[in-house]
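Undergrad: Fold the stuff below for me.
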Amino acid sequence: MKYEQKNPVPIPPTGKFQDVKATVNTVFDWEYSLRKQNLLNLFEKGKALDWNASELDWSTEVSIERMMAERSAAGAADVMNNVMNPPKKMSDEEMIELQLNMNGFMLSQFLHGEQGALLATAKIVQTVPWEEAKFYAANQVMDEARHVEVYHRYLTEKLGLSYEVNPSLQTLLSDIITDSRWDVTFLGMQIMVEGLALAAFGMMRMMMAGEPLIQDITTRIMADESRHVAFGVMALDKLYTEEMSGNELREREEFVIEATHLLRERLLMTQVFERLGWDVPLWTEWAKEMPFMVGFRQMTFSKIVPNLKRLGLLTPRVRAAYEKMDLLRFEHMKDSVEEPEPTPPTELVQILMQFLAEGPKDAGGVVQGAAAR
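TA: The predicted structure follows:
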């Protein structure tokens, strides 16, 4: 691993390093019973599918700005103005700038989330009581280190544009790391953060269909992440339905609801509008209400909701909170054990199809690629 360190990632207001005090019980498993065959199968699969970031074609020329300019020349700005109805009509230049920064923001939050996953799964190795779960968590630690490597290299070497960690994501990652309960680490990272990221990766793959390097990166990482989410679902199986008291279950309900609010807030792109110098309240409100962004935020929970249902955590209290957030539409979809990758919701597909119907006809593959999935 060697690449030039340029275009450094911005530092958040909390500073270059963040210390969090986490006190956990480290558990040895001296029995080595290895009874959970599904986790052992997943461990074997993880070892067989390991890959090296050096295998990627880093010589690929990446020019997102040129790709966006080609889309703009093909009429993408007019289509976005018609379909997405922004607060003011965007020029070609403004559309390109917005797209560039939204991509940089999304990829940066992927990077920060992967660092959180790296630390959380290292903690799982210490705290989970079963040896077979320690095996797979150790395999995932390597996956997460590789994900941090590729996103950091892509952002700093290829894109040259990045963002500091979003405050809501930073809060949630700190909560997960500092909580002493092993199952909450699984619930927060494997089910909530990784579940949302898996769906967001799918969106990135659709929107960046004309950029081969990010396609390769995203496809490899999505394959890893689908195993990580399945790991959480398998490890927590029957814990919440058969082993926990009412008080313990209520604490998990509160955690799920709070984590959901934090994850939704991080998707409002407020940092993008701040950096562009646009009217932040006006554009943030647009992002809250615009059908495409609403569809995107909904899609990111398309795996979380059925996975919570499988674990027995879609309780009346969580259901009431999710009904207010219009997330229950996903409760009958397949969970991560039944179907690893998320399916885009109908509303988002309809908007993309409308984009396709109105043009552009040759826009660098974005719409054509999305519609094909």
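Undergrad: what kind of secondary structure is T26 in?
TA: Following DSSP: H, G, I helix; E, B strand; the rest coil, the label given to T26 is coil.
Undergrad: Please report the distance of it from W182.
TA: Distance from T26 to W182, counting by CB to CB, to the nearest Å: 10 Å. (Glycine included, C-beta is placed from N, CA and C.)
Undergrad: anything in contact with each of these two?
TA: T127 (CB atoms under 8 Å, 6 or more residues apart in numbering).
Undergrad: Neighbour count: the two, which is higher?
TA: W182 (19 against 8; other CB atoms under 10 Å).
Undergrad: pLDDT value on that one, please?
TA: pLDDT for W182: 91.
Undergrad: Over to the one 4 residues further on?
TA: For F186, the pLDDT comes out at 90.
Undergrad: My read is that it contacts D237, right?
TA: No: look at F186 against D237 with CB atoms under 8 Å: they stay out of range, at 10.9 Å.
Undergrad: So for these two, which sits in the more crowded spot?
TA: Set side by side, F186 and D237 show more neighbours around F186, with 28 against 16, by other CB under 10 Å.
Undergrad: Report the separation between the more buried one and F273.
TA: Remark: distance between F186 and F273 (CB to CB) = 34 Å.
Undergrad: Any regions of this protein where pLDDT drops low?
TA: Scanning the chain for pLDDT under 70 picks out 340, 342-373.
Undergrad: Can you pull up the most central residue in it?
TA: Centroid-nearest residue in the chain, with CA atoms, centre = their mean: A197, separated by 1.4 Å.
Undergrad: can you pull out the helices in the stretch 151-300 of the chain?
TA: 167-178, 182-185, 194-207, 212-235, 246-265, 270-276, 280-289, 291-299 (DSSP state H, counting those that start in this stretch).
Undergrad: Tell me which of these sits most buried.
TA: helix 194-207 (a mean of 24; mean count of other CB atoms under 10 Å).
Undergrad: Check the offset of that helix from the chain's centre.
TA: Relative to its chain's centre, helix 194-207 lies at 6 Å (CA atoms, centre = their mean, to the nearest Å).
Undergrad: and if you look at stretch 56-73?
TA: Worked out by CA atoms, centre = their mean, stretch 56-73 lies 23 Å from the chain centre.
Undergrad: what does stretch 293-305 give?
TA: 11 Å.
Undergrad: Looking at the helices of the stretch 151-300 of the chain, which is nearest to L308?
TA: helix 246-265 (6.6 Å; CB to CB).
Undergrad: relative orientation of that closest one and helix 167-178 in degrees?
TA: Here helix 246-265 points in a direction 150 degrees away from that of helix 167-178 (axes from the mean of the first three to the mean of the last three CA atoms, to 10 degrees).
Undergrad: Which strands or helices does helix 246-265 pack on?
TA: Applying 3 or more CB pairs under 8 Å, 6 or more residues apart in numbering; DSSP states H and E, one finds that helix 246-265 makes contact with helix 167-178, helix 182-185, helix 316-324.
Undergrad: Now find how far off-centre the helix or strand encompassing H112 is within its chain.
TA: Secondary structure assigned from DSSP states H and E places H112 in helix 92-127. Centroid separation for helix 92-127 versus its chain: 7 Å, with CA atoms, centre = their mean.
Undergrad: Next, the buried residues of it.
TA: 92, 94-101, 103-125, 127 (16 or more other CB atoms under 10 Å).
Undergrad: and it, what does it pack onto?
TA: Contacts defined by 3+ CB pairs under 8 Å, 6+ apart place helix 92-127 against helix 64-73, helix 76-84, helix 131-153, helix 167-178, helix 182-185, helix 194-207, helix 212-235, helix 270-276.
Undergrad: What's the local residue count around V337?
TA: Neighbour number of V337 under other CB under 10 Å is 15.
Undergrad: pretty sure it contacts R310?
TA: Yes: between V337 and R310 there is a contact under CB under 8 Å: 7.1 Å.
Undergrad: Need the residues touching each of those two.
TA: Among the neighbours of V337, those also in contact with R310 (CB under 8 Å, 6+ apart) are V233.
Undergrad: quick one on the thing from earlier: I'd like to know which of the helices of the stretch 151-300 of the chain lies nearest to A74.
TA: So among these, helix 194-207 is nearest, using CB to CB, at 15.3 Å.
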